[in-house]
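S.K.: Quick one, fold the following:
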Amino acid sequence: MPAAGPREEFIKLFTKYQRRVFLFILSQVPNPVDAEEIHQEANVIIWRKFDRFELGTNFLAWACQIATYEVLKYRERQRRDRHLFSDEFVRQVASDAIEQADELEQRRQHLAVCLSKLRNEDRELIQQRYSAGESGKSVAELIGRPINSVYQSLSRIRRTLLECVNRQVQAQATP
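M.R.: Predicted structure coming up:
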C-alpha cells in the first residue's frame, strides 16, 4: 500500500481535530450557534490554506490560531454589544483552552487504560450507565439489582477510576 500523500495526511489531521477546534471556539463564544458558524468559517480557511501547513508540526495549534482570528473577526462584528470581553481576556481564555484541551486529552487516554483494568462486571456497569446514557435507575432495572446497590457500585468504580487516572498523571509527570 503506497504511503499517504500530503493531502491525505492533512485530511486525517483535519478530521481528527475537528471537535477540539470547535470546543476551542466554543470556549470563547457564548452562543453555540455562533460558535458553529465561526467553526465553519475557520474550516473553510483551514482547508484553503492546507498547502501552507507543514506536516510534522502541531496541526491543532495551527488550526486554533486560524480559529482565533475568526473569533476576533466575529467579535469585531459584535463590538456594539456591551457584554463582550476584552480581546486580551479572550486571548487568555483561548490560551488556557488549548492547555486544558491537551490535559483533558491525556486524562481521557489514561481513563481508557484504567477502564481496561477494571473487572469485566464493573466495566460493563460503567458502560451501561455512561456509554448508553442510561440513568442509574434504568440500569438497576435492566440488570435486576436494587438501585442503591447500583449507585454504591458506580460510586466505588468512579472513585477507583479517579484514583487510577490520578496515579497515571502523576507517573507521567515524574521524570
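S.K.: The worst-scoring helix or strand of the chain on mean pLDDT packs against which elements?
M.R.: One helix or strand of the chain scores below all others by mean pLDDT, DSSP states H and E: helix 87-117, with a mean of 83. Applying 3 or more Cβ pairs under 8 Å, 6 or more residues apart in numbering; DSSP states H and E, we find helix 87-117 packed against helix 18-26, helix 59-77, helix 120-126, helix 147-173. (Each C-beta comes from the backbone N, C-alpha and C, glycine too.)
S.K.: can you rerun that using 7 Å?
M.R.: helix 18-26, helix 59-77, helix 147-173 (3 or more Cβ pairs under 7 Å, 6 or more residues apart in numbering; DSSP states H and E).
S.K.: can you list these in TSV and add distance to I126 and mean neighbour count?
M.R.: What follows is the helices and strands packed on helix 87-117, written out as TSV (distance: least, Cβ to Cβ, whole Å; neighbours: other Cβ atoms under 10 Å):
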stretch	distance to I126	mean neighbour count
helix 18-26	22	19
helix 59-77	29	17
helix 147-173	6	14
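S.K.: closest to Y130 out of these?
M.R.: helix 147-173 (9.2 Å; Cβ to Cβ).
S.K.: now the helices and strands packed on helix 87-117 as JSON lines including distance to R123?
M.R.: Formatted as JSON lines, those follow (distance: least, Cβ to Cβ, whole Å):
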{"stretch": "helix 18-26", "distance to R123": "24"}
{"stretch": "helix 59-77", "distance to R123": "30"}
{"stretch": "helix 147-173", "distance to R123": "8"}
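S.K.: With respect to H110, which of those helices lies nearest?
M.R.: Per Cβ to Cβ, nearest to H110 of the helices and strands packed on helix 87-117: helix 147-173, 3.9 Å.
S.K.: got the angle for that closest one vs helix 87-117?
M.R.: 110 degrees (axes from the mean of the first three to the mean of the last three Cα atoms, to 10 degrees).
S.K.: Packing partners of helix 147-173?
M.R.: Counting by 3+ Cβ pairs under 7 Å, 6+ apart, helix 147-173 packs on helix 87-117, helix 120-126, helix 136-143.
S.K.: next one: the first one to chain centre, how far?
M.R.: To tie it back to what came earlier, the one meant is helix 87-117. Averaging C-alpha positions (Cα atoms, centre = their mean, to the nearest Å) puts helix 87-117 7 Å from its chain's average.
S.K.: Just the buried residues of that helix, please?
M.R.: V90, A94, A97, I98, A101, H110, C114, L115 (16 or more other Cβ atoms under 10 Å).
S.K.: between that helix and helix 59-77, how big is the angle?
M.R.: Using the same axes, to 10 degrees: helix 87-117 against helix 59-77 is 140 degrees.
S.K.: Brilliant, that's me finished.
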